[in-house]
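>>> Below are the sequence and a predicted model; questions follow.
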Amino acid sequence: MWNDPFDEPVRVPVTDVFDLHTVPPRDVEAVVEEYLAEANRLGLKAIRIIHGRGIGVQREIVRKVLERTPFVQSFGDAPAEAGGWGATVITLL
(Lines give C-alpha, C1' and ligand atoms only; values in the text may rest on other atoms or scores of the structure.)
Protein backbone atom coordinates (compact mmCIF):
# COMPACT_ATOMS: atom_id res chain seq x y z
CA MET A 1 0.00 0.00 0.00
CA TRP A 2 1.24 3.46 -0.89
CA ASN A 3 1.68 5.91 2.01
CA ASP A 4 0.85 9.54 1.45
CA PRO A 5 3.88 11.53 2.72
CA PHE A 6 1.52 14.31 3.84
CA ASP A 7 -0.08 11.96 6.37
CA GLU A 8 3.19 11.34 8.16
CA PRO A 9 3.90 13.30 11.34
CA VAL A 10 6.49 16.03 10.96
CA ARG A 11 9.06 16.52 13.69
CA VAL A 12 9.58 20.18 14.53
CA PRO A 13 12.60 21.15 16.62
CA VAL A 14 11.43 23.06 19.68
CA THR A 15 13.39 26.27 20.15
CA ASP A 16 12.45 29.72 21.37
CA VAL A 17 11.19 30.69 17.87
CA PHE A 18 8.54 28.79 15.91
CA ASP A 19 7.60 29.83 12.37
CA LEU A 20 4.11 28.67 11.35
CA HIS A 21 4.58 29.43 7.66
CA THR A 22 5.23 25.75 6.92
CA VAL A 23 2.20 24.49 8.89
CA PRO A 24 -1.03 23.89 6.94
CA PRO A 25 -3.80 26.15 8.32
CA ARG A 26 -5.95 23.16 9.30
CA ASP A 27 -3.14 21.95 11.61
CA VAL A 28 -2.18 25.24 13.29
CA GLU A 29 -4.23 24.76 16.46
CA ALA A 30 -3.01 21.22 17.21
CA VAL A 31 0.60 22.02 16.27
CA VAL A 32 0.71 25.12 18.50
CA GLU A 33 -0.77 23.15 21.41
CA GLU A 34 1.92 20.46 21.04
CA TYR A 35 4.68 23.03 20.55
CA LEU A 36 3.68 24.87 23.74
CA ALA A 37 3.52 21.65 25.74
CA GLU A 38 6.99 20.61 24.57
CA ALA A 39 8.45 24.11 25.14
CA ASN A 40 7.05 24.02 28.66
CA ARG A 41 8.42 20.52 29.25
CA LEU A 42 11.86 21.70 28.09
CA GLY A 43 11.74 24.61 30.53
CA LEU A 44 11.63 27.43 27.97
CA LYS A 45 10.32 30.64 29.51
CA ALA A 46 10.13 33.02 26.54
CA ILE A 47 9.14 32.02 23.01
CA ARG A 48 8.06 33.72 19.82
CA ILE A 49 5.58 32.28 17.34
CA ILE A 50 5.72 33.75 13.85
CA HIS A 51 2.27 33.55 12.28
CA GLY A 52 2.57 36.25 9.63
CA ARG A 53 0.43 39.32 9.10
CA GLY A 54 -2.07 38.34 6.40
CA ILE A 55 -5.66 38.84 7.48
CA GLY A 56 -5.02 37.61 11.03
CA VAL A 57 -6.54 34.12 10.91
CA GLN A 58 -3.47 32.27 12.19
CA ARG A 59 -2.81 35.01 14.75
CA GLU A 60 -6.33 34.53 16.11
CA ILE A 61 -5.92 30.74 16.30
CA VAL A 62 -2.59 31.09 18.11
CA ARG A 63 -4.02 33.54 20.63
CA LYS A 64 -7.06 31.38 21.36
CA VAL A 65 -4.72 28.50 22.17
CA LEU A 66 -2.59 30.78 24.38
CA GLU A 67 -5.65 32.04 26.27
CA ARG A 68 -6.62 28.53 27.34
CA THR A 69 -3.12 27.22 28.09
CA PRO A 70 -2.63 27.23 31.89
CA PHE A 71 1.16 27.61 31.85
CA VAL A 72 1.12 30.73 29.63
CA GLN A 73 1.81 33.74 31.84
CA SER A 74 1.43 36.44 29.18
CA PHE A 75 1.54 37.12 25.45
CA GLY A 76 1.39 40.00 23.00
CA ASP A 77 2.68 41.39 19.73
CA ALA A 78 6.39 41.05 19.15
CA PRO A 79 8.51 44.21 19.01
CA ALA A 80 8.75 45.72 15.51
CA GLU A 81 12.26 44.34 14.97
CA ALA A 82 11.02 40.81 15.84
CA GLY A 83 7.98 40.74 13.58
CA GLY A 84 5.54 43.23 15.10
CA TRP A 85 1.95 42.05 14.82
CA GLY A 86 3.14 39.24 12.52
CA ALA A 87 4.52 37.40 15.54
CA THR A 88 3.45 36.79 19.12
CA VAL A 89 5.83 36.72 22.06
CA ILE A 90 4.89 34.46 24.94
CA THR A 91 6.08 34.17 28.54
CA LEU A 92 5.64 30.74 30.11
CA LEU A 93 5.43 30.10 33.86
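Done, it's in. Residues are numbered from 1 along each chain as shown.

>>> Show me the shaky parts of the chain.
Within the chain, the ranges that satisfy pLDDT under 70 run 1-10, 12.

>>> all helices of this protein, in order?
28-41, 57-67 (DSSP state H).

>>> Any buried residues in the longest one, and which?
Pointing back at helix 28-41 there. Buried residues in helix 28-41, counted by 16 or more other Cβ atoms under 10 Å: 28, 31, 32, 35, 36, 39, 40. For the C-beta atoms, the positions are set from N, CA and C on the backbone; glycine is no exception.

>>> Mind giving me the packing neighbours of it?
If you count contacts as 3 or more Cβ pairs under 8 Å, 6 or more residues apart in numbering; DSSP states H and E, helix 28-41 packs onto strand 46-50, helix 57-67, strand 87-92.

>>> Paired strands for the shortest one, with orientation please.
To tie it back to what came earlier, the one meant is strand 46-50. Paired neighbours of strand 46-50 in the sheet (DSSP bridges): strand 17-19 (parallel), strand 87-92 (antiparallel).

>>> which residues are in contact with the first one?
Read that as strand 17-19. 12, 32, 35, 47, 48, 49, 50 (Cβ atoms under 8 Å, 6 or more residues apart in numbering).

>>> just checking, the second one touches residue 63?
Put plainly, it is residue 32. No: counting by Cβ atoms under 8 Å, residue 32 stays clear of residue 63, with 9.8 Å between them.

>>> related to what we said a few turns ago, considering the contacts of strand 17-19, which possesses the most neighbours?
When neighbours are taken as other Cβ atoms under 10 Å, the top entry among these is residue 49 (26 neighbours).

>>> shouldn't that residue be in contact with residue 87?
Yes: if you go by Cβ under 8 Å, residue 49 and residue 87 touch, sitting 6.5 Å apart.

>>> List the buried residues of stretch 58-78.
58, 59, 61, 62, 63, 65, 66, 69, 72, 75, 78.

>>> list the contacts for the first one?
This means residue 58. Per Cβ under 8 Å, 6+ apart, neighbours of residue 58: 20, 25, 28, 51, 52.

>>> Among those residues, the buried ones, what's the ChimeraX command?
Buried subset of the contacts of residue 58, written as a ChimeraX selection, criterion 16+ other Cβ under 10 Å:
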select :20,28,51,52
